[in-house]
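>>> Give me the fold of what follows.
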Amino acid sequence: MTAKTQFTYLFDPLCGWCYAAAPAIRKMSETETVQLTMMPTGLFAAPRPVATIADHAYANDIRIQELTGQRFSDAYHTGVMRAPNGMFSSLPLTRALVALGQVGPALEPRFLHAAQIARYVEGHDTSRTDIVARIAARIAGGAVAEADLAAAIDNDPALAAETDRRIVEGQRAMQSLGLRGVPQLVIRDAQRTRVVDGQTLYAGGDAVLAALDETV
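Coordinates of the predicted model:
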């Protein structure tokens, strides 16, 4: 690759298979010849009791860990997914990501990666606004205060509207390409638009770049 290539990442912050793709997305975000655009799709934005999804998530987590080596800790399985009265919603994470993107777009993939590690490895409940704000403030490096982020996530109508707009944008992108489910990594360059297959995406960033070089 010589010219900058446009990558669009369609995802949800609480999607386990998006965590499977995390090494590839991190590599894309750090590659100078790649322009990465993050597009949340709102898959898990609507709140629900975590108990309603815990068994399904556990089965997927086992498959993901076996396939990719991505770690899911006991602290996550027991402390987050089996938490009494726990809730499951990616809306606080998505709003925080959008808020950080207003500071600098490069913060968005960094925040997503940090939030995934906080949840799946460290066992923090990233459906909770206070935890999400703490992670986001750390990634922002002092550009936004934790208390301000927490207040914005829960109460800022402008942030809520912008988050909704970006979710709709992501959903429309999926519909226009005939895609179902996330994660999806879409590549656009001067020649064409194509979607990275799951096997390549889950194999990591070097595999994605190698596949791209083979097809240009």
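>>> Output the contacting helices and strands for the helix with the most length in the chain.
In the chain, taking DSSP state H as the definition, the longest helix is helix 157-177. Helix 157-177 is packed against strand 5-11, strand 34-40, helix 91-103, strand 184-188, with contacts defined by 3 or more CB pairs under 8 Å, 6 or more residues apart in numbering; DSSP states H and E. The way it works is simple: take the backbone N, C-alpha and C, and place the C-beta from them, glycine included.
>>> can we see that at 7 Å?
Contact partners of helix 157-177 among helices and strands, from 3 or more CB pairs under 7 Å, 6 or more residues apart in numbering; DSSP states H and E: strand 5-11, strand 34-40, helix 91-103.
>>> Name the stretch among the ones you listed that sits most buried.
helix 91-103 (a mean of 24; mean count of other CB atoms under 10 Å).
>>> show me where the chain has strands.
Here the chain has its strands, by DSSP state E, at 5-11, 34-40, 48-49, 87-88, 184-188, 193-195.
>>> right, and the ones you listed - which one's nearest Arg138?
strand 34-40 (18.4 Å; CB to CB).
>>> which residues are contacting the helix or strand of the chain with the lowest mean pLDDT?
When each helix and strand of the chain is scored by mean pLDDT, DSSP states H and E, helix 205-215 comes last, with a mean of 85. Contacts with helix 205-215, where a contact means CB atoms under 7 Å, 6 or more residues apart in numbering, come from Met1, Thr5, Pro23, Ala24, Arg26, Lys27, Met28, Ile187, Val196, Thr200, Leu201.
>>> Now tell me which of the residues you listed the prediction trusts least.
Least confident entry in the contacts of helix 205-215, by pLDDT: Met1, with 46.
>>> on that earlier part again, can I get the strands of the chain in TSV with distance to Ser176?
Output for the strands of the chain, formatted as TSV (distance: least, CB to CB, whole Å):
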stretch	distance to Ser176
strand 5-11	11
strand 34-40	12
strand 48-49	28
strand 87-88	28
strand 184-188	10
strand 193-195	10
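>>> Leaving out chain neighbours, which residue sits closest to Val196?
Leu185 (4.2 Å; CB to CB, 6 or more residues apart in numbering).
>>> What's opposite that neighbour in the beta bridge?
Tyr9 (DSSP bridges).
>>> That one: how many residues sit nearby?
Leu185: 23 surrounding residues under other CB atoms under 10 Å.
>>> what's the distance between it and Ala22?
12 Å (CB to CB, to the nearest Å).
>>> same thing with Thr163?
For Thr163, the distance to Ala22 - CB to CB - is 21 Å.
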